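Enquirer: Got a predicted structure here, sequence first:
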Amino acid sequence: MNIRLTQIDGKLPNLALMKLSHFHKAQGDNIFFTERIHKDLFEPNYDLVLGSSIFKFSEKARQTFKRNFPLSFIAGTGTDSKTTVEELIGVDEYEYYDYDIYPNFKHSIGFTQRGCRLKCKFCVVPEKEGKNKNLNSIYNIWRPGTEKKIHLLDNDFFGQPNWQDVAQEIIDGNFKICLNQGINVRLIDEESCEYLSRMQYYDDSFTKRVLYTAWDNFKDGDIFFRGVDMLEKAGISPKRLMVYMLVGYDKNETWERIFDRFNRMVARGIMPYPMVYDKDNKPLKKFQRWVIRRYYQFVPWEEYQQKKQTNTFNYELFTS
């Protein structure tokens with residue numbers, strides 16, 4: 001068969017497509033992998049077209065892809081489909097990945113566990129994956145012969161039954177890891193903080209010592225900072241934390257509450273990263289740019305929101 005595999009969104013390698021590529025190549029099928037959602041003028045017809053989308057906000061891209069490939073099948077966390085790779089290929093478990101479709105990716109990537117302890121209404125993980133379960137060891141994820149740098153995609157690393165064993169494997173193996181999906185700062189304890197303090201954690205480019213976490217609900221302020229305090233006591237400075245703050249989801253949310261979260265984090269040296277739930281909310285999108293691009297360090301929000309948004313921003317206007 002001739003098969004087209006399409007990564008509709010996301011900047012990291014797509015594990016579902018890597019699994020599918022590995023499986024179908026083993027069956028002797030021809031694989032064409034691309035991130036293009038449009039059909040090229042001279043592109044051939046395929047026996048099977050599969051697309052993967054991980055973000056809900058990519059609906060327009062999914063619609064475009066479907067118009068170009070009406071008989072395609074799209075799945076992933078950004079869709080309503082609950083179909084797994086294993087169900088598609090008809091096996092109970094498949095943990096083999098084709099890195100060849102991402103020739104420029106030099107690290108390793110994978111999950112040590114799937115599932116989550118929580119049931120956040122805005123998250124699809126508990127519904128699709130259920131309770132926490134162990135999946136892989138660090139050495140099974142790492143590609144021998146490559147640098148010991150691993151992108152861990154675990155949604156709830158410390159929720160898996162044997163997280164201590166996995167954490168010790170990271171430490172003893174001298175691995176550098178990016179906990180890409182973040183840690184749940186509300187559920188950590190002194191033991192998990194102590195293990196984290198001995199890990200070589202990095203951002204997704206492996207250039208900065210960064211831990212990702214989240215503060216989504218205003219009411220969780222006390223428990224959020226309890227976790228921040230525990231991390232700091234274990235030697236992990238708040239300056240190492242990048243915190244995703246969900247905005248535009250809570251029906252009781254106000255600008256006062258948004259800025260309460262933002263200001264309390266900035267006061268501790270934390271890096272906030274607003275995540276706008278409603279992508280069409282222009283004021284919140286503008287707030288997101290103001291924070292992510294660190295414009296708040298140069299211009300107050302009241303002044304910034306009056307400025308006409310352009311593709312570039314003149315720092316000198318506010319620093320001269």
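Expert: Good, I have the coordinates. Not measured: the values here are computed from a predicted model.

Enquirer: chain center to the one helix or strand residue 275 maps to: distance?
Expert: Per DSSP states H and E: residue 275 is located in strand 271-276. In terms of CA atoms, centre = their mean, to the nearest Å, the centre of strand 271-276 is found 13 Å from the chain centre.

Enquirer: Also stretch 292-305?
Expert: Offset of stretch 292-305 from its chain centre (CA atoms, centre = their mean): 26 Å.

Enquirer: What mean pLDDT does that stretch get?
Expert: For stretch 292-305, the mean pLDDT works out to 93.

Enquirer: Can you give me the buried ones in the next helix or strand after the strand holding residue 275?
Expert: Next along the chain after strand 271-276, taking DSSP H and E as the criterion, comes helix 282-292. Across helix 282-292, burial judged by 16 or more other CB atoms under 10 Å covers 284, 285, 286, 287, 288, 290, 291. For the C-beta atoms, the positions are set from N, CA and C on the backbone; glycine is no exception.

Enquirer: Strands along the stretch 51-200 of the chain, start to end?
Expert: 73-75, 108-110, 113-114, 133-134, 149-152, 176-179, 200-201 (DSSP state E, counting those that start in this stretch).

Enquirer: contact partners of the first one?
Expert: If you take CB atoms under 8 Å, 6 or more residues apart in numbering as the criterion, strand 73-75 is touched by 8, 16, 49-53, 62, 65-66, 81, 83, 88.

Enquirer: quick one: buried residues of that strand?
Expert: Using 16+ other CB under 10 Å as the test for burial, strand 73-75 gives 74, 75.

Enquirer: Just want the phi and psi numbers for the most centrally placed residue in the chain.
Expert: Nearest to the geometric centre of the chain sits residue 181, at 4.6 Å (CA atoms, centre = their mean). Residue 181 adopts backbone torsions of phi -90, psi 0, taken as degrees, to the nearest 10.

Enquirer: same check, this time on the one 3 residues further on
Expert: Per-residue torsions, residue 184: phi -90, psi 100 (degrees, to the nearest 10).
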